Structures are given as C-alpha cells and as structure tokens.
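J.: Have a look; sequence and predicted model below, questions after that.
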Amino acid sequence: MSKTKKALATLAIAGMTLSMLPLNAFAADTFPQRLAGVTAAETAVEIAEQTGWTGSAILASSTSYGMVDALTSGPLASFLEAPILLQEAGSVLNEDTKAELIKLEVEKVYVTSGTAVISQAVLDELADMDITVVPLGGNDRFETSVNIANKMVELGASISKVAVAYGWLNQDALSIASIASAQTEPILLTEANSIPESVEEFLTENESIVTADVIGGTAVISNAVVSKFPNAFRYFGNTAYDTNVEVLKAFDDVLEYDNVFLANGDTAIDALAGAPLAAQFNAGIVLTKGTTNEGTEYVSGKLSATSVVTALGGTAVIPDSVLTDLIDAAAAKAAAIEKIDGIAQDAEATDVTVQDLIDAGVTATNVIEANLEAYQTAISAAADLELDSTDKIQQMVTDVNTAQAKAAAIAKIDGIVLGEDASDVSAQDLIDVGVTVTDVIEANLEAYRTAISAAEDLALDNTDKIQQMVTDVNAAEAAEEAAATKAAAIAKIDGIVQDADASGVTAQDLIDAGVTEADVFDANLEAYQDAISAAADSALGSTEEIQDMVTVVNEAAAAEKAAAIKAAAILKIDGIVLDADASSVSAQDLIDAGVTAADVIAANLAAYQDAVSAAADSALDSTEKIQDMVTAVNSAEAEIQE
C-alpha cells in the first residue's frame, strides 16, 4: 500500500522520570503521571487541584466502613463541579482537607455520611468556617445513594437513566463512576436478591428514568432485581476486575483516551476521589490490584502519542512498573502496527512475524503459526490504511483463519474418494466449510459421513454443495424420525386391546400418530381414551382411522356441549315465574335456547323479556315454544312500527 511514512512517536518511557508534571502538559511522547499524597486525604487534595473547581465540595469518609457512602457521589460532584475531599474518623477536620477548602473558597459542603461516620464536631468546625453543610447520609448505604440521586434531581439535573451496582462491592460502582459522572447518571446501590425500598421509591417518583446500566453479574445482582429497572443493560465479567474491563469496552463510544486514569481497586478510595476528574476528560478509570492486568493491556491499545496516563495514589497502590509496562505495551503495539501497515501494497511482507501480530494487539490464540504465510499475503494485498489499527489487523487475521480453515475443511471432505471411510470428518469440519452452524446436527454426523463417502469426486468441492448435502441429510433424517415417531404412536394406540385402560394415551400421542394438531383438544382427552378403549382390535391401525375417531369424538363432544348450553338457556327462560322480572334474559340466551339467530332482533329485547315474564309456567319449556314467542313478538313489534 503506497503511502507516506508515518511519524512514529518515541514511546521509550522506561527511561523517563516518573516525577509529577502538570496534567495538561501534553508532549510528543506519552508519559506517565501520578496524583498522590502521603495519605488518601492528601491524594484527594492533589486530585481536587487538577479539577479547577471552586466554591463547593463533597466531603466523604476515608474510613473503610464509611467510604461506601460516597461510592455514588461522583455524578453529584461532576454536576456541582465540586471536588471530593476526604475526612478520617475523629472530631477534628482533616488539616489537608481544611486547607483545600479554604484555598478553593468553598462555601457549601455536601457530606455523604451521617454523624456516626463523620462526627458532629467536624460538621460544627465546617460551620465555624462559614461553610453551609448539606447532609446526604441515609439510614444505610442504599438510602444514601438515593439521597445523592435526589439531590441531583432537586438541583435541576436532567436524568433519564441510572447506573446500578451491588452495595457490598466497591469495584463495580467505581468501574462506572467516571462514565456515570460524565453523563449526569446517578448511581444507585442494591442488594443482590432484592431491591431496597428507598431505591424502588426513587424509580417510582422519577418517571423520566427510562433505562439503566447494571454493573456486575448475577452473582451480585440477580435477574429478578434487574427486572425492576427500566430497559436495563447488564455489564459484567467473571471478577470485579473483568467487569471493569467489560465496562470500558461497552462504553468505548463515549470514552476518550487523551487521558487514562489508573487506581487500585482494592483500596478504592483514590478511584472514588478521582471519578469526577476522569469525567472531565470523558475518561474511564482502570482498576488494578497493583499489577498489570487485562484492563491495562486493553487501554494500552487505545493510547496515542499524546495520551496522558495518570496514576491515582502512590507507588504503594500503583507501582511505577504498572505505568511503564502499560506504556511499553503501547509502544510495542504502535511499532507493530506501523510495521504491518507500513508495507506498501504488493510489497514483500515476509518479515512480518507471529509476534508482530500479537504485539499489534491480535488475540494471541487467534494467531496460528501455520497460517503465517497467508497473513503475510493478506498484508501485502492490503490497501493504504487498511491495517492501521488493532481492530483492522485482528479482522484480517480472523478472515485469514476462516478462509484457511474453510479451504482445509473442503479439501478434507472432497478428498474422500467414493466408498472411502469418512469417519474422521467432524461437525466442526462442516462448520469450517461454511455450513450454517445451526444446520449441523451432532446426532446426524454418522449420516453426513455416509453421504460424504457416497459422493462422487468433486461432488462436494465447495460450500454450497456441502451445505446442500447437509440439508438433504437433515431432511431425510427428520423424515425418518417423524415416520418412526408416527409408527410408534399408532402402535401404542392400536395396541390397546378392546376395553383395556387407555389412560396412558396422551394428546401428543394423537398428534404424533398424524392427527391434525388443531383437531386435538385437551378437554376431550378422556373421551378419546374411552373411544380407543372401546375400539375393536386393529380398528385404529392407521393415521386415517385415528383421525376419524378424533373427529367423531369432537363432534359428539361439541353436540353434547351445545345440548347442555341449550338446556341451560331453556331452563333459565322457562324458570322465570309469571310476572317476575325477566331483564336478565339476553339475546344470546334466546339463541342458545335454539331460536334462529336471524330472528332475534336486538331492538325487540325488552319486548321478549316482557313476553317471558307474562308466560305461564312451562309455557316456554322447549325450543319450539320459545321460537314461537319470539316470532309473535317480532310480528307485534312490526305492526306497531307500521
């Protein structure tokens, strides 16, 4: 692919100093950064400095038992443009937090815990600083999440969706925190198997909420709970850290990678404070356990030469090695992509290796050594910019693998000569050929092999021919199975000797025997069984005979039902004593009693009722008598109208 040589930014980060630089100091190289203090409160101050926000703040507990109250505060912080600052246990306001409140000229503080966690003495100290305190703590973590969401609504936030996380696992809420913050999306906490009453009330009261992002699998939030949220979409992985990666992937269309933030998912507190900052850059937060993981590997492929990677917290929680490994991986990936995409169309690509493809971000298990030459051929044939990203190279590898597997499978199947053993052909071979996956039935594998063995040379030399063979075999097997099922059902029914118990015959047996399914009524099953028991030997030895039996039973049952309806209607009409109220008699009652439907005129109903009321006992005890009454009323009403 003829093209101008790209400038590959130098990403040799390992030799760079990891000292703190201004957050917006973009350079030609990608460089790691760190926002950290000696304590969590100091780290929160460093993060607050980068937000540029003044005037208000969120005060959260830094204790392990109290920080959960603030897990959901990120969206409120972003909406208010208020940094999250921290307070430990005790009766004195943290000195670093206090200094930052003064520096940022904060006039209002939203406190995410009750006085059992952040003491009244601390709140009093805030008041003494002429700071208005807005308490948000609830009776439990779930109610606190609702209080924070309600505060957003109260302040005028336009809310159409919510994020939902398990209330007893920090990482899931933090995985969505910056994304939810950027989208003004409250985060609600829930139990695993029940939705807290406070959360349910919030949803009821806020009809503008039309969708929900549920973070975590069924082990932490059951399907029953998810069903309580409108149009819910679930994002999850096997672990909390896998879930973090799945969230990043799911929201790739809204995330930007000019800035990337790393935080320790176990300590969690730094991610909590960093969520509003990450939201400013539409950035996600990658959670680690102090080592590189799938999350860091994933974002390494998203970095550009000007991306800024920022660790939230000190080296005890995010070692320098995590940052350098991430950047080194990004550099290797960029170099590999440049090497692959830099090969001009139709130029030699033999120096591209399996490792180059893996370094470019292709899933290692997808790179097959035996297909290397085919990959090289595809790279050589690629047009300008056709392979300038991991996704494009991954797709090329997938396409090559599919084509190679298909060619090999076709050669294997068509290479079996007439009459030769085909037992080594597998279901996967048929799928690799391109046969529709759902058409390949494991139970029919032996029949496929027989058909392959019986095929003439070149009769199965392409996908269409093999697909047709599979379709034909499936049809033959289905027909054979249907015939066997029908024969077994007929044998079962006809095998019941006269007057023997037939209660083992089911509606499905009748259908399997070939009776039209619409003719088989569950309500008539006992009558079918009686008819089968009464049948002479061999009287039900075919589908036609069984169908006739079902038809006769249905007609008899219908006639019996009609007779019962008629008798009930006549009894109702004739049961009205002389001069009694007959307003309950309806037009349908007259029809059910056997009166010709066309003779029952809705406009004459009151007159029919009067006639029924005026009739002597037993004067209307048959269809004929009621028909005569209707005819007489119709004639009288017609004369009146004339």
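T.: That came in fine, so what should we check first?

J.: Could you list the domains of the chain?
T.: In terms of domains, the chain is parsed into 31-331, 342-407, 415-481, 575-641 (source: automatic domain parsing).

J.: Columns mean pLDDT and distance to residue 491 on top of these, output as a markdown table?
T.: Every C-beta, even on glycine, is put in place using the N, C-alpha and C of the backbone. Formatted as a markdown table, these follow (pLDDT from 0 to 100; distance: least, Cβ to Cβ, whole Å):
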| stretch | mean pLDDT | distance to residue 491 |
| --- | --- | --- |
| domain 31-331 | 95 | 44 |
| domain 342-407 | 95 | 45 |
| domain 415-481 | 96 | 16 |
| domain 575-641 | 94 | 43 |
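
J.: which residues touch residue 605?
T.: 586, 587 (Cβ atoms under 8 Å, 6 or more residues apart in numbering).

J.: go on, residue 54?
T.: So residue 54 contacts 104, 105, 106 (Cβ under 8 Å, 6+ apart).

J.: Buried ones from the residues you listed, can you make that a PyMOL selection?
T.: Paste this into PyMOL to select the buried members of those, with burial taken from 16 or more other Cβ atoms under 10 Å:
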select buried, resi 104+106
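
J.: Nearest spatial neighbour of residue 570, chain-adjacent residues omitted?
T.: Excluding the flanking residues, the one nearest residue 570 by Cβ to Cβ, 6 or more residues apart in numbering is residue 593, at 4.9 Å.

J.: what's the answer for residue 257, then?
T.: residue 302 (4.1 Å).

J.: Would you mind confirming that the one you found makes contact with residue 259?
T.: No - applying Cβ atoms under 8 Å as the test, residue 302 and residue 259 come out as separate, 11.0 Å apart.

J.: measure the residue nearest to residue 257 to residue 277 for me?
T.: Between residue 302 and residue 277 the computed distance is 18 Å (Cβ to Cβ, to the nearest Å).

J.: neighbour count winner among those two?
T.: residue 277 (31 against 18; other Cβ atoms under 10 Å).

J.: you'd agree that one is in a helix?
T.: Yes - judged by DSSP: H, G, I helix; E, B strand; the rest coil, residue 277 forms part of a helix.

J.: give the contact list for it.
T.: So residue 277 contacts 47, 50, 51, 83, 261 (Cβ under 8 Å, 6+ apart).

J.: any chance of these in CSV, with secondary structure, neighbour count and distance to residue 57 too?
T.: Shown next, in CSV, are the contacts of residue 277 (DSSP: H, G, I helix; E, B strand; the rest coil; neighbours: other Cβ atoms under 10 Å; distance: Cβ to Cβ, whole Å):
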residue, secondary structure, neighbour count, distance to residue 57
47, helix, 28, 12
50, helix, 17, 14
51, helix, 20, 10
83, coil, 26, 6
261, strand, 26, 20
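
J.: how about those residues, which pair is most distant?
T.: Taking Cβ to Cβ as the measure, these span a maximum distance of 14.7 Å, between 83 and 261.

J.: if we can go back for a sec, quick one: which of the contacts of residue 54 is nearest residue 455?
T.: Closest to residue 455 out of those is residue 104 (80.1 Å), distances taken as Cβ to Cβ.

J.: Nearest residue to that closest one in space, please, no chain neighbours.
T.: residue 54 (4.4 Å).

J.: That neighbour: what secondary structure?
T.: Under three-state DSSP, residue 54 comes out as coil.

J.: and if you look at the one 4 residues further on?
T.: Secondary structure assignment for residue 58 (three-state DSSP): strand.

J.: Number of residues surrounding the closest residue to it other than its chain neighbours?
T.: Of all residues not flanking residue 58 in the chain, residue 84 sits nearest, at 4.5 Å (Cβ to Cβ, 6+ apart). Around residue 84 there are 26 other residues, counting by other Cβ under 10 Å.

J.: what does the model give residue 523 for pLDDT?
T.: On pLDDT, residue 523 comes in at 95.

J.: cool, and residue 3?
T.: pLDDT at residue 3 comes out at 35.

J.: Restrict stretch 622-632 to CA atoms and write it as PDB.
T.: Extracted C-alpha coordinates of stretch 622-632, given in PDB (Å, rounded to 0.1, in the frame of the first residue of the first chain):
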ATOM      1  CA  SER A 622     -88.900 -26.000  24.600                       C
ATOM      2  CA  THR A 623     -87.100 -24.500  21.700                       C
ATOM      3  CA  GLU A 624     -90.300 -24.600  19.600                       C
ATOM      4  CA  LYS A 625     -92.300 -22.700  22.200                       C
ATOM      5  CA  ILE A 626     -89.600 -20.000  22.700                       C
ATOM      6  CA  GLN A 627     -89.200 -19.700  18.900                       C
ATOM      7  CA  ASP A 628     -93.000 -19.200  18.600                       C
ATOM      8  CA  MET A 629     -92.800 -16.500  21.300                       C
ATOM      9  CA  VAL A 630     -90.000 -14.700  19.500                       C
ATOM     10  CA  THR A 631     -91.900 -14.900  16.200                       C
ATOM     11  CA  ALA A 632     -95.100 -13.500  17.800                       C
END
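
J.: Sort out which residues of it are buried, please.
T.: 625, 626, 627, 629, 630.

J.: all helices of the stretch 251-400 of the chain, in order?
T.: Ranges of helices in the stretch 251-400 of the chain, per DSSP state H, counting those that start in this stretch, are 269-280, 294-300, 320-341, 354-359, 372-381, 390-414.

J.: Report the secondary structure state of residue 416.
T.: Classification of residue 416 by three-state DSSP places it in coil.

J.: Leaving out sequence neighbours, find the closest residue to it.
T.: residue 422 (4.9 Å).

J.: from memory the one you found sits against residue 452, does it?
T.: Yes - using Cβ under 8 Å, residue 422 makes contact with residue 452 at a distance of 4.2 Å.

J.: hey, what's in contact with both of those two?
T.: 413, 416.

J.: More neighbours: which of those two?
T.: Neighbours per residue (other Cβ under 10 Å) separate residue 422 from residue 452, with residue 452 holding more: 24 against 20.

J.: dump the residue contacts of that one.
T.: 413, 416, 422, 425, 460, 469.

J.: ok, so of those, who is nearest residue 549?
T.: Of the contacts of residue 452, the one sitting nearest to residue 549 (Cβ to Cβ) turns out to be residue 469, at 41.1 Å.
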